[in-house]
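Q: predicted model and sequence below, questions to follow.
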6 protein chains.
Amino acid sequence: MPSYPLIAYDQASPEVRAVFDDIMATRKVDDVNDFWKALANHPPTLARTWESLKQVMAAGELDPLTKELIYIAVSVTNGCEYCIASHTAAAKEKGMTAEQFGELMSVVGMANETNRLAQGYQVELDERFRN
Amino acid sequence: MPSYPLIAYDQASPEVRAVFDDIMATRKVDDVNDFWKALANHPPTLARTWESLKQVMAAGELDPLTKELIYIAVSVTNGCEYCIASHTAAAKEKGMTAEQFGELMSVVGMANETNRLAQGYQVELDERFRN
Amino acid sequence: MPSYPLIAYDQASPEVRAVFDDIMATRKVDDVNDFWKALANHPPTLARTWESLKQVMAAGELDPLTKELIYIAVSVTNGCEYCIASHTAAAKEKGMTAEQFGELMSVVGMANETNRLAQGYQVELDERFRN
Amino acid sequence: MPSYPLIAYDQASPEVRAVFDDIMATRKVDDVNDFWKALANHPPTLARTWESLKQVMAAGELDPLTKELIYIAVSVTNGCEYCIASHTAAAKEKGMTAEQFGELMSVVGMANETNRLAQGYQVELDERFRN
Amino acid sequence: MPSYPLIAYDQASPEVRAVFDDIMATRKVDDVNDFWKALANHPPTLARTWESLKQVMAAGELDPLTKELIYIAVSVTNGCEYCIASHTAAAKEKGMTAEQFGELMSVVGMANETNRLAQGYQVELDERFRN
Amino acid sequence: MPSYPLIAYDQASPEVRAVFDDIMATRKVDDVNDFWKALANHPPTLARTWESLKQVMAAGELDPLTKELIYIAVSVTNGCEYCIASHTAAAKEKGMTAEQFGELMSVVGMANETNRLAQGYQVELDERFRN
């Protein structure tokens, strides 16, 4: 169970409700994920995290689906079950196919493998990577 | 220094040279990175790793630049200095801009932050992520 | 399920019981956590781990609650669900408030984020950090 | 070398200078760490990261030195050399003694050890940690 | 639940069945683990991963049980619950005793502890490790 | 540079010297690694870590070389440069060949890859791994 009870909308303070309202409006959903209901135990963290995430995940030089793929790559490398589940769901909603997910996993898998090979063999930076 | 001496082309066995030749031909470069010269200490690992990487990083449902961004995301999360340097160089060659790199880092940073918040608050999977 | 069956007090050897007795006496509880019942499958690891932990977590230059906060910070960064749950419970018993936990999580989250930004941008040590 | 050139104050845009000015004023220093000069390559990330860090590291329910200790605990667990160096320096400025650092490391070390023991033995949550 | 539905033998394409057949023949079992049924969602990853694993885990200069112990050591350090469970089962089938597992865990635990102590104290390579 | 100055034998207290003496006698060397000179800044951590390591790395149900291979596997997965260098040197002294190191790295690499594939596809424990 969560470290502290989830805080649902109707139990929430006006400060927390304002964040929940913005999440629902931005994502066009009618409830927020339990992640946000857990963060609501510390309103400044809830507000700051949402503001940052909203800014970072918006379309920019990288499109929203690419950003979700990157998010999944990090979450898988960190082994965060909740984040893998929620961002895989988000990526599917943004159009990710099983084939794209398969390629994503293959790159994540190989990167994790070669990261360790490079470290294990103690390979130093090639001269040209230093200049 | 590396765990075992780097093996340069002219010191390499025919088996190792064949892999080096394929790397240079595929990447259109005239030498291989020191990573491969380190792996050459164990020819089966050299050959297998290159075959896998060539297959995985080829254009598919995800384009090569997107695959490099994913590679960097994993390498940063694992703190692999060599891999960050070599794949950032590779991504720049494939057209990555400083702005795109900045957005990549911002997503990687936020994913690392929220992964830990989700785990720290012990948030369980929402009902709809389980079905 | 655990890799090996948990060993309860009444099934335990005298050697294991002596460790269990010391845990219960030190912590003023009437049973030990399942973590210790699992370690009891390898008595030398059980005894050594408990001796080390008892020494390390005792009051010293850092107070016991601060040590629990540090323990949680590491456990969250490693994604150890069992450790997060048990040490969050221990910290609450030592007086940790929801507000303190919220601040702890906010620092852990930002540290995880900036660790990756520093590594991703390959920032080298400032001259003054080297001297 | 950094992924992108460090941006010094006199090369910086007004937007970046405003952040640098606030860092220097808040920390009462006359230059910013290279970490910030690297982030200056992506002004939105620079501004957002600084705003978040300033908020999170300010005195609250946890005092500033405790927050630095937590920051170090995470940075060590992630193996971020730059962050370990800069936050150890910051903690020393806030009064951390060698003895306190030694206790910090001993807790970080034991937490990393027992995290793996709990996961390796696949210990499930005790009944009372679930309710 | 898995990111994509598990693909059982009788639902699988001939390409996937060929891999499943080889896994079952090599391991002398009459069904494959769910891991492979998940990878079957992306046949190239299924085939490549199995070919690599079969090659890497075969007897060589290291015997199969030693390879399983190494696999467990990595999986525990990464906190991969599925991998810990499946490779601990595989190691038991290859003769691992509870005592050997206990020693494995004790080494994994101490390595995780001292890795962090070395990084936390920022110990540089001794002269003789550099030459 | 280290977080605190290395403490050499002739600067050390009798308490620290006793540990250094035991390390040198046990390992049959005439100086201790810098790791121990760093830990000497906190004598209780120095003494406890050495006692634990001496016990854990001694021959038991697993032989000393196998224990070194496991140590390297963990250190590579954690990206601890110092530990990789020092334990690779120790393993070579105990007879590890380049071929054995190559197989070790291939297992470490594949384990890191498949750990992430299992987590990425969110594979749940097979029924038989739960009983």
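A: Yep, that arrived.
Q: hey, let's count contacts and neighbours off CA atoms from now on
A: Noted.
Q: A:L46 contacts A:L39, doesn't it?
A: Yes - with contact defined as Cα atoms under 8 Å, A:L46 counts as touching A:L39 (5.1 Å).
Q: the two: which has the busier surroundings?
A: Legend: neighbour count by other Cα atoms under 10 Å in any protein chain shown for A:L46 and A:L39, higher for A:L39 (26 against 22).
Q: check contacts around the more buried one.
A: The neighbours of A:L39, taking Cα atoms under 8 Å, 6 or more residues apart in numbering or on different chains as the test, are A:45-46, B:121.
Q: give me the below-cutoff pLDDT ranges for chain A.
A: In the predicted model, chain A carries pLDDT under 70 at residues A:131.
Q: show me where it has helices.
A: Ranges of helices within chain A are A:14-27, A:34-39, A:43-57, A:64-78, A:81-93, A:98-120, A:127-130, based on DSSP state H.
Q: what does chain A put close to chain E?
A: A:79, A:85, A:88, A:98-99, A:102-103, A:106 (Cα under 8 Å from any Cα of the partner chain).
Q: let's see it at 10 Å
A: Contacts of chain A with chain E, taken as Cα under 10 Å from any Cα of the partner chain, map to A:77-80, A:84-85, A:88-89, A:98-103, A:105-107, A:109.
Q: report the entries of the residues you listed that also contact chain B.
A: A:77-80, A:84-85, A:88-89, A:99-103, A:105-107, A:109.
Q: thinking again about what came up before, output the helices of chain A as a markdown table; include the columns distance to E:L69.
A: Formatted as a markdown table, those follow (distance: least, Cα to Cα, whole Å):
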| stretch | distance to E:L69 |
| --- | --- |
| helix A:14-27 | 46 |
| helix A:34-39 | 36 |
| helix A:43-57 | 40 |
| helix A:64-78 | 22 |
| helix A:81-93 | 25 |
| helix A:98-120 | 17 |
| helix A:127-130 | 36 |
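Q: among those, which comes closest to F:E51?
A: The closest of these to F:E51 is helix A:98-120. By Cα to Cα, the value is 27.1 Å.
Q: dump the closest one to CSV, restricted to CA.
A: Listed in CSV are the C-alpha atoms of helix A:98-120, where the atom choice follows Å, rounded to 0.1, in the frame of the first residue of the first chain:
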residue,chain,number,x,y,z
ALA,A,98,3.6,-3.2,-30.8
GLU,A,99,6.3,-3.1,-33.4
GLN,A,100,7.6,0.3,-32.2
PHE,A,101,7.5,-0.9,-28.6
GLY,A,102,9.5,-4.0,-29.7
GLU,A,103,12.1,-1.8,-31.3
LEU,A,104,12.2,0.4,-28.3
MET,A,105,12.8,-2.6,-26.0
SER,A,106,15.5,-3.9,-28.3
VAL,A,107,17.4,-0.6,-28.2
VAL,A,108,16.9,-0.3,-24.4
GLY,A,109,18.1,-3.9,-24.0
MET,A,110,21.2,-3.4,-26.2
ALA,A,111,22.1,-0.1,-24.6
ASN,A,112,22.0,-1.7,-21.1
GLU,A,113,24.2,-4.5,-22.4
THR,A,114,26.8,-2.4,-24.1
ASN,A,115,26.9,0.1,-21.3
ARG,A,116,28.1,-2.7,-19.0
LEU,A,117,30.5,-4.0,-21.6
ALA,A,118,32.1,-0.6,-22.0
GLN,A,119,32.4,-0.2,-18.2
GLY,A,120,33.5,-3.8,-17.7
